[in-house]
Structures are given as C-alpha cells and as structure tokens.
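Asker: this is a predicted model, with the sequence first.
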Amino acid sequence: ENVTSKFANCGTFLKAVVLCMLWFLIISMFFRTGGDANIQQFDPFEILGMDKGSTDAQIKRAFRKLSVKWHPDRWISGTAEEQAYAE
C-alpha cells in the first residue's frame, strides 16, 4: 500500500505536465501567426456602399446590383486578370 501511495500523485503530476505543454503549444502557435495583427475589419455596409442606417430594401437592392455587376458569368469574355478579379 505504501508503494501505491507514492505513485498516486504521479497521475496528477502527469496531467499537470501535459496541460502545461498544451498551453505552451497554444500560446506559441498564437504568437507565430502574429496574434490578431492580421485580422481585417469586415464591414458589409462599406462593401455595399451603404450607410449603417439603411433599410432592408435598400440593402437588398444594393446587394442585387453588385451581384449582377460582379457575377463570374458576366466576365467570361474578359481577360484572365479581369476574370480572376471578378471571382
């Protein structure tokens, strides 16, 4: 029984070591990717050319207008660069 009591805390210690290693791995991956420095702001109103107070009908109209303008099928006759830009 004395031998088992010596190794009873070994499982807890092993769990703590594995947990520390996983945290180290997560933190190192975060810093390797540059953190949140590469995150770009996404503003759908800016893309649509709308104000934030626009109505649903105005938003739908602007979306349909841009979807027709930039639809890939419309750019079939364009150059390869124009087709890539449209996609």
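Answerer: Yep, it's here.

Asker: show the average pLDDT along the longest helix seen in the chain.
Answerer: If each helix of the chain is counted by residues according to DSSP state H, the longest one is helix 2-32. Averaging pLDDT along helix 2-32 gives 78.

Asker: cool, stretch 47-62 as well?
Answerer: The model assigns stretch 47-62 a mean pLDDT of 91.

Asker: which residues sit against that stretch?
Answerer: Stretch 47-62 is touched from outside by 45, 63, 66, with contacts defined as Cβ atoms under 8 Å, 6 or more residues apart in numbering. For every residue, glycine as well, the C-beta is placed using N, CA and C.

Asker: distance check, the first one against residue 51.
Answerer: When Cβ to Cβ, to the nearest Å is the yardstick, residue 45 and residue 51 sit 7 Å from each other.

Asker: also the last one?
Answerer: From residue 66 over to residue 51 the distance is 16 Å, taken as Cβ to Cβ.

Asker: okay, those two: which has more neighbours?
Answerer: Using other Cβ atoms under 10 Å as the criterion, residue 66 and residue 51 rank with residue 66 on top: 13 against 8.

Asker: give the contact list for the more buried one.
Answerer: Residue 66 is in contact with 47, 48, counting by Cβ under 8 Å, 6+ apart.

Asker: may I have the phi/psi pair for it?
Answerer: phi -70, psi -30 (degrees, to the nearest 10).
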